[in-house]
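Chemist: With the sequence up front, the predicted model follows.
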Amino acid sequence: MYPHSLDDLLISIVEKGASDLHVVAGSPPAMRLHGRLDPIVEDKLDSADCQSLVTSILTKEQIDLLNENREIDLAYAMVGVARFRVNACFERGSISATFRNIPDSPPWLEEMGFSPILAQMTQKARGLVLVTGPTGSGKSTTLAAMINYLNRTRNSRVVTIEDPIEFLHSNVNSIITQRELHRDTHSFGNALRSALRQDPDVILIGEMRDLETIALALTAAETGHLVFGTLHVTSAAESINRIIDVFPPEQQEQIRLQLAGVLEGVFTQTLVPKVDGAGRICAMEILIGSPAVRNLIRENKPAQITSAMQTGQSFGMQTLDRQLAKFVNDGSITLDAALEKSINPDDLRRYVSGNDEMLRPRVAASR
């Protein structure tokens with residue numbers, strides 16, 4: 001029998017401030033802390049240990065689903081400790097799992113240091129707002145903060161569709177219904193169609209992962225709802241391409257017109273290690289649905305969207321490279337860390353100083 005219980009391991013990552021726990025056969029349980037993977041204990045897990053730890057929190061129905069589908073997403077709550085988003089799957093015949101640490105209460109947008117434009121987006125009457133970025137970049141946290149802000153500042157009916165539910169929202173000035181895939185609904189598509197009959201003002205889609213979900217999201221935004229969603233892409237321009245390219249060629253012209261009509265904003269984020277090693281900072285690219293941007297979408301000119309962001313600062317837009325350069329210049333992150341996340345390294349260097357030799361001493365001094 002493995003000498004450490006799953007709850008003990010989860011309590012340990014919460015106490016240390018880690019974001020994830022990884023349970024994989026052949027290695028000790030590991031935590032992700034400030035972007036690094038480190039073992040929590042020395043004892044290695046074998047296949048039986050992994051199965052025992054993971055199935056200890058699953059119901060019989062969840063075990064059956066895991067065995068049938070070979071993977072499962074769910075939420076696990078430890079009262080007084082934290083909630084965890086869980087993905088369990090089979091790998092090389094063994095069960096492995098990742099547990100994402102989710103705080104007990106949603107974050108406050110005002111405390112996250114983001115542009116005020118995010119708060120302004122929550123007050124829109126209708127339209128499509130996307131939060132995008134790679135896996136593990138904090139998209140769910142940003143969306144939860146926006147819904148929390150909306151909940152405190154608007155009198156609205158909010159329906160969320162998540163896989164699984166991460167942050168729990170208590171009704172303040174809004175009425176919020178949170179539905180979880182597989183537990184409360186069979187699919188995002190079914191839940192979205194149902195949501196449109198629930199008198200919603202705001203709809204949150206945990207992940208816009210297929211044609212049906214994206215099409216319904218566009219329709220919901222077009223018919224007078226404020227729709228929030230996420231995509232796994234690494235730039236704002238790529239978000240536009242991803243939505244359009246999901247559809248067959250004969251539908252793409254219509255989708256471009258729809259998207260141009262409803263897009264309010266795209267916030268693409270990535271996490272970068274801080275200079276002092278004490279955590280990571282969120283760098284964000286901001287694309288706003290200005291008249292110029294809407295026209296570029298309609299005319300199928302996504303390659304010019306970055307230029308529109310560079311010249312659209314009056315609308316609140318910013319490129320990722322400009323934000324990364326700001327963090328380098330104020331000593332928050334190193335140039336090397338910024339370059340790893342950069343979309344256009346030449347732009348980044350120009351925004352910083354235009355001269356690598358001039359920059360490096362500044363970065364070294366900031367350490």
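Modeler: Structure received. Numbers count the residues shown, from 1 in each chain.
Chemist: Output the below-cut-off pLDDT ranges for the protein.
Modeler: 354-367 (pLDDT under 70).
Chemist: would you say R85 is within a helix?
Modeler: No - per DSSP: H, G, I helix; E, B strand; the rest coil, R85 lies outside any helix segment and is strand.
Chemist: how about the helices of the stretch 1-150 of the chain, start to end?
Modeler: With helices called from DSSP state H, counting those that start in this stretch, the stretch 1-150 of the chain shows them at 6-16, 47-55, 60-69, 117-121, 139-153.
Chemist: Quick one: the helices in the stretch 201-350 of the chain, in order.
Modeler: Assigned by DSSP H, counting those that start in this stretch, the stretch 201-350 of the chain shows helices spanning 211-222, 236-245, 249-262, 291-298, 305-311, 320-329, 335-341, 345-352.
Chemist: V275: which of those helices is closest?
Modeler: In terms of CB to CB, the element of those nearest to V275 is helix 335-341, at 8.0 Å. Using the backbone N, CA and C atoms, a C-beta is placed for each residue, glycine as well.
Chemist: So which elements touch the closest one?
Modeler: On a contact count with 3 or more CB pairs under 8 Å, 6 or more residues apart in numbering; DSSP states H and E, helix 335-341 meets strand 263-273, helix 320-329, helix 345-352, helix 356-366.
Chemist: Can you dump the C-alpha atoms of the first one in CSV for me?
Modeler: I take that to be strand 263-273. The C-alpha atoms that make up strand 263-273 are tabulated as CSV, following Å, rounded to 0.1, in the frame of the first residue of the first chain:
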residue,chain,number,x,y,z
LEU,A,263,-16.8,40.0,-31.9
GLU,A,264,-16.2,42.3,-28.9
GLY,A,265,-12.8,41.2,-27.7
VAL,A,266,-10.1,38.5,-27.7
PHE,A,267,-7.8,38.3,-24.7
THR,A,268,-4.9,35.9,-25.3
GLN,A,269,-2.7,35.2,-22.3
THR,A,270,0.4,33.3,-21.3
LEU,A,271,2.2,32.9,-18.0
VAL,A,272,5.9,33.9,-17.7
PRO,A,273,8.3,33.2,-14.8
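Chemist: who does that strand pair up with?
Modeler: strand 127-132 (parallel), strand 280-288 (antiparallel) (DSSP bridges).
Chemist: what's the angle from the last one to helix 291-298?
Modeler: Interaxial angle of strand 280-288 relative to helix 291-298 (axes from the mean of the first three to the mean of the last three CA atoms, to 10 degrees): 80 degrees.
Chemist: so strand 280-288 versus helix 236-245, what angle?
Modeler: 60 degrees.
Chemist: cool, and the shortest one?
Modeler: If you take the same axes, to 10 degrees, strand 127-132 sits at 120 degrees to helix 236-245.
Chemist: Show residues contacting strand 127-132.
Modeler: The set of residues external to strand 127-132 that reach it, using CB atoms under 8 Å, 6 or more residues apart in numbering, is 121, 139, 142-143, 146, 208, 217-218, 221, 226-234, 236, 238-239, 259, 262-269, 289.
Chemist: For that strand, what is the distance to the chain centroid?
Modeler: Here the centre of strand 127-132 is set off from its chain's centre by 11 Å, with CA atoms, centre = their mean, to the nearest Å.
Chemist: in that strand, what's buried?
Modeler: Buried residues in strand 127-132, counted by 16 or more other CB atoms under 10 Å: G127, L128, V129, L130, V131, T132.
Chemist: Quick one: the strands paired with strand 263-273 as JSON lines, columns for distance to D336 too.
Modeler: Shown next, in JSON lines, are the strands paired with strand 263-273 (distance: least, CB to CB, whole Å):
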{"stretch": "strand 127-132", "distance to D336": "24"}
{"stretch": "strand 280-288", "distance to D336": "14"}
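Chemist: Looking at those strands, spot the one closest to A48.
Modeler: strand 280-288 (35.1 Å).
Chemist: ok, back up a step: go through the helices of the stretch 1-150 of the chain and pick out the most buried.
Modeler: Ranked by mean neighbour count, the helices of the stretch 1-150 of the chain are led by helix 139-153 with a mean of 22 (mean count of other CB atoms under 10 Å).
Chemist: in its sheet, what does the helix or strand following that one sit against?
Modeler: Heading C-terminal from helix 139-153, the first helix or strand you meet, by DSSP states H and E, is strand 157-162. For strand 157-162, the paired strands and their directions (DSSP bridges) are strand 175-180 (parallel), strand 202-205 (parallel).
Chemist: Nice, that's everything, thank you.
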